[in-house]
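Asker: Sequence first, predicted coordinates after that:
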Amino acid sequence: MKTELAPLADGGTLAYTIRGEGPPLVLISGLGGLASFWNAFAEVCASHFQVVTYDHRGVGGSSALDGPTSIAAMRQDLTGLLDHLGIASAAVLGHSTGGAIAQNLALAQPERVSRLVLSATFARPCGYMRRLFAGRIDLLDRLGIDAYRRHAVTLLNAPYWLAANDAVVEAELEAELEAAATRSKPADAAVVRERMLAVLGHDAEGELAQISCPVRVVVAADDIVTPAYLSQRLTDAIPQAELKVLPRGGHYAMRAESDLYRDAVLDFLRGGSSAAETRT
């Protein structure tokens, strides 16, 4: 496995990795936008799929983000990557912000999505999400990117898992902050800010009935970033959708409850389905 660069029509590039062989599966990460978010889960999937992960524009090894962005713009970048790889259609799993991008792709180019997993995501930010993200933006503006990253750890990870893995998480955070110290903190903060504004601007609620491919919606019951009722709304609005609610796991259930998350997602991506809503 190695990272390569895909050229985009506007002159930008996306850094991407490919693992495994088989039908294509695209994993779209959330607000952080890093391909490495999926490392552990991508290895699991690589036994069954050709797994594509990528750094979003402005993040990691991809080209810089200059100015405002949107979920539609992020989808256009993904389309450019798929074109570069010659992938006409793929199974797609989008987590959180990545789920918004996946919705946009399924609506704008339905022929490119064979099966869709919407993980801990939303059709439109509710009042709770708007307050949460407004607070995160305010924290970023007032205290800077390092404080923002420290605060994010407590939002994204389930409390029980964070308590049990605190030393590991702290070491990862310190490594992230050390790596970030070599970059421009104002530039990093600007990218995060623009991406949060893009999240707040996402609204696919009135179009979801047009999604025609099989869809599984997955969320943990204790997710406090994109609460489970937002996944219920997605499921209610998409004709071919079914809901899988994990009993716990927080916003990063693929880490806190990796086996439950794998079981909720992998069988569906390989073609399994149930007609009714399921709850584990």
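Answerer: Good, I have the coordinates.
Asker: use CA for all of it now, contacts and neighbours both
Answerer: Noted.
Asker: And stretch 109-126, end to end?
Answerer: Stretch 109-126 has an end-to-end distance of 26 Å (C-alpha to C-alpha, to the nearest Å).
Asker: Any idea how far it is from the middle of the chain?
Answerer: 10 Å (C-alpha atoms, centre = their mean, to the nearest Å).
Asker: How about stretch 250-262?
Answerer: For stretch 250-262, the distance to the chain centre is 13 Å (C-alpha atoms, centre = their mean).
Asker: For that stretch, buried residues please.
Answerer: Within stretch 250-262, the residues that count as buried by 16 or more other C-alpha atoms under 10 Å are 250-257, 260-262.
Asker: cool, stretch 172-184 as well?
Answerer: For stretch 172-184, by 16+ other C-alpha under 10 Å, it's Leu173.
Asker: pull the CA atoms of that stretch into PDB?
Answerer: C-alpha atoms of stretch 172-184 as PDB (Å, rounded to 0.1, in the frame of the first residue of the first chain):
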ATOM      1  CA  GLU A 172      -1.900  10.100  19.800                       C
ATOM      2  CA  LEU A 173      -3.000  13.700  20.500                       C
ATOM      3  CA  GLU A 174       0.500  14.800  21.400                       C
ATOM      4  CA  ALA A 175       1.900  13.300  18.200                       C
ATOM      5  CA  GLU A 176      -0.800  15.100  16.200                       C
ATOM      6  CA  LEU A 177       0.000  18.400  17.900                       C
ATOM      7  CA  GLU A 178       3.700  17.900  17.300                       C
ATOM      8  CA  ALA A 179       3.200  17.100  13.700                       C
ATOM      9  CA  ALA A 180       0.900  20.100  13.300                       C
ATOM     10  CA  ALA A 181       3.600  22.300  14.800                       C
ATOM     11  CA  THR A 182       5.500  22.100  11.500                       C
ATOM     12  CA  ARG A 183       2.600  23.600   9.600                       C
ATOM     13  CA  SER A 184       0.900  27.000   9.700                       C
END
